[in-house]
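Trainee: Predicted model and sequence follow; I will ask about them next.
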Amino acid sequence: ERGQPAAFDPIRNRAIFVVPKGDDGQIYQTWEWTGAGWEQGPDFGPAYPDTIQQFVFDPYPNEGLLIETDPDVVWRYKPGPTAAQSTWELLTPRQPEIYGLIYGRALVYDPFRHWVLQCFGRDRGDINAGHPSPRPLLLSEVRAWDPASNSWSPWPDRSFPTNWGRAAPVAGGAARNRAV
């Protein structure tokens, strides 16, 4: 089982957690740990079942960014003085297809350059019926969040220096000295 997305707000010194509200998983709720107790924040959604993937906090504009399985679906969390006064906003329009072709992207905040970066991930491969690839393709693309346009900008010259190729299960040999 996968854990729930969480991020740390260094301005208010709070840990922010995103958890499903009900059994359908389409509405999510926000909880903040203040260091002394829990405060409930706003609900948001609909987000599609099991699609909340990554959450990162960018203190420069004082906001959190969350992506769904489709990494082009981005939600913004604006903290308030209390968790209850915080808000969520869907920044990017959701496409008609629930799941995009890429999933499992990682988000990271670079405090030196004030960038939120999105990288790696896989195509849907064998997850989508009828998709031609027998196994997911691991991606090396790196994208940066552009807050002026509320979109991801590809960085072809900053992508990971290799193409991962097709993903395949790997296990260590009995002596753990070779991959099989």
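Mentor: Sure thing, it's come through.

Trainee: what's the following helix or strand after the lowest-mean-pLDDT helix or strand in the chain?
Mentor: Lowest on mean pLDDT, DSSP states H and E among the helices and strands of the chain sits strand 102-103, with a mean of 63. Per DSSP states H and E, the first helix or strand lying C-terminal to strand 102-103 is strand 106-110.

Trainee: Name the residues of the next helix or strand along the chain from that next one that are buried.
Mentor: Beyond strand 106-110 in the direction of the C-terminus, DSSP H and E gives the next helix or strand as strand 115-119. For strand 115-119, the buried set under the neighbour-count rule, 16 or more other C-beta atoms under 10 Å, comprises 116, 117, 118, 119. Glycine gets a C-beta too; all of them are placed from N, C-alpha and C.

Trainee: Tell me the one of these nearest residue 93?
Mentor: Ranked by distance to residue 93 (C-beta to C-beta), the buried residues of strand 115-119 are led by residue 118 at 17.5 Å.

Trainee: Quick one, grab the pLDDT at that closest one.
Mentor: Listed pLDDT for residue 118 reads 83.

Trainee: With residue 58 instead?
Mentor: Looking at residue 58, its pLDDT reads 93.
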